[in-house]
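Engineer: structure of the sequence below:
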Amino acid sequence: MTFINRISHSLAAVILSMSLAAPAAGKTAIDSPPWPQVDFAGQAASADARYAASRVLSASDHQGLPFVIVDKKDARIFVFGPDGQLRGASAALLGLASGDHSIPGIGARELSRILPAERTTPAGRFLSQPGRNLQGEEVVWVKHSEGLAIHRLRPGNSLEQRAQRLASSTTDDNRISLGCVVVPVAFYQSVVAPVLGKNFSVVYVLPETFPVQALFDALD
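Structural biologist: Residues are numbered from 1 along each chain as shown. Sure thing, here's the model as predicted:
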């Protein structure tokens, strides 16, 4: 083998070893998140919900408070204790209209004057607190000024069949509320009231019109 051939052979070996060590196309170090994975205790949870919980705990963004993740795309709610342990998960009813923003001043409107297209559940990070609505019912206020709350299922128009919507396996029929996050009575009593009904908590409503990463990048 000539000197030139030996050099060419050596270069080929180096290039081959580098290609074997390089990540596969489309895979980068960022694909392995630097934050811990959260235990959802066997509950079905979307990639967005898992990402959100991991971001919250890695940055301690909940500041030692209980926290909630509302996944609008999956129509599910996850309630975590201050220690980051999942306390419960459930299907939820959400605002009739898709969208991540609420109409300014909507909380001061009469319910009958809120148009169907305005009945959104806004995305964002909210400091919630327990309280009561005008009927004296215990709720968890997510954003009091906009009338946005987590509350239990109430008897309503039979045409809406809200209990059946909560129990169905689909998500499209979970879009029916004025904007509030509505959960089954048993879930409210066994999870929401004990975990969120005594003090402040942090509620993360995940977006449906922009990537979930953008919500948390904006909070950094």
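
Engineer: C-alpha only now, for contacts and for neighbours.
Structural biologist: Noted.

Engineer: quick check: the gap between the closest residue to Val185 other than its chain neighbours and Trp141.
Structural biologist: Spatial nearest neighbour of Val185, chain neighbours left out: Arg152 (5.0 Å); criterion: C-alpha to C-alpha, 6 or more residues apart in numbering. Counting by C-alpha to C-alpha, to the nearest Å, the separation of Arg152 from Trp141 is 12 Å.

Engineer: which other residues reach the helix or strand hosting Ala163?
Structural biologist: Ala163 belongs to helix 162-167 when assigned by DSSP states H and E. The contact list for helix 162-167 (C-alpha atoms under 8 Å, 6 or more residues apart in numbering) reads Ala91, Ala92, Leu93, Leu153, Gly156, Asp173, Asn174, Val183, Pro184.

Engineer: most surrounded residue in these?
Structural biologist: Leu93 (31 neighbours; other C-alpha atoms under 10 Å).

Engineer: show me what that residue is bridged to.
Structural biologist: Beta-bridge partners for Leu93, by DSSP bridges, are Val182.

Engineer: quick thing: my sequence starts at 216, can you match it?
Structural biologist: Fine by me, first position is 216 from now on; the one you just mentioned is Leu308.

Engineer: distance check, it against Ser269.
Structural biologist: Leu308 is 24 Å from Ser269, by C-alpha to C-alpha.
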